[in-house]
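Engineer: let's see this in three dimensions:
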Amino acid sequence: MAVLLVDVGNSRVKWARCERGRLGHSRAAVYSGWGADEFRRRLFSSGKAPTRALISSVAGAAHNRMLTAAARRAGVAAEFVKVSRGAGGVRIGYLEPWRLGVDRFVSIVGAHALFPRLPLCVVGIGTAMTVDLVGADGRHHGGAIIPAPALMVGTLLERTHGIRRRARGGAAGRAGLFGRSTRAAVVQGARYAAAALIDRATEEARALVGRKPLVMIHGGEAESVRPLVVSACVGVPDLILRGLSVLAESSHPQSRA
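Structural biologist: Below you'll find the model as predicted:
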């Protein structure tokens, strides 16, 4: 039975089919302006209709309704992942688990499934940057959230006059931390700040899990930060889809729409 796995972020949607536990080729697109018919055409019209559609969404109620309508028109029930205390060998450490973002929850499940014997720092870099620590035993120790580099840059340019004016145009001047133009200084400063937090997180984690964790990094801005991380680090672009594939094989509760 084929399951359609859908990861809806703040600006992009990624999807792939999973059959007998095997994740197929993933696709991604910016979904701004899409309605139910466009979601149906893009996600559901290729190949044989899936038996289920399992969705991780942070897009909000309006887009979730469109996804639900798209699935219904394709003859498939849309199932939205709900955050719970435990699933896929992971136990969430938030005092109130439902307050954890569903994308973080699913990525933690996917990370632990890929490396079940290692402590992990799971880093998602999209609009925001999230860092979550999970031990080799699957225990989630909590996390940190900061603006991702693009949001740092955008906020700085929006809230200042002198920096914004000097950052317009000119040579790129980008090499290492010390940029040779204002624009490069802003961009590189934001990227290095994100990388520095990740490295600090691995040091803080040592006291909690007994050793430095492996960093698993994913998200739209991951490749702008990953080369700057000093700690042991791997990029897993489809981490949320991998987490969804784990949940699809489990009895984890979903909400049907």
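Engineer: mind listing the strands for the stretch 101-250 of the chain?
Structural biologist: Taking DSSP state E, counting those that start in this stretch as the criterion, the stretch 101-250 of the chain contains strands spanning 120-125, 128-134, 140-147, 214-218, 233-235.
Engineer: buried deepest among these, which one?
Structural biologist: Each of those was assessed for mean neighbour count using mean count of other Cβ atoms under 10 Å. The highest is strand 120-125, with a mean of 27. The C-beta positions use only the backbone N, C-alpha and C, and glycine is treated the same way.
Engineer: show me where the stretch 51-200 of the chain has its helices.
Structural biologist: Applying DSSP state H, counting those that start in this stretch to the stretch 51-200 of the chain gives helices spanning 61-73, 102-114, 149-159, 162-167, 182-209.
Engineer: return the most buried member of those.
Structural biologist: Across these, the average number of neighbours (mean count of other Cβ under 10 Å) peaks for helix 102-114, which reaches a mean of 25.
Engineer: residues making contact with that helix?
Structural biologist: Counting by Cβ atoms under 8 Å, 6 or more residues apart in numbering, the neighbours of helix 102-114 from elsewhere in the structure are 7, 9, 56-58, 80-83, 87-90, 92, 120, 122, 124, 130, 132, 134, 138, 140, 143, 216, 218, 236, 239-247.
Engineer: switch the cut-off to 7 Å
Structural biologist: For helix 102-114, the external contacting residues (Cβ atoms under 7 Å, 6 or more residues apart in numbering) are 9, 56-58, 81, 83, 87-90, 92, 120, 122, 124, 130, 132, 134, 138, 140, 143, 216, 218, 236, 239-240, 242-244, 246-247.
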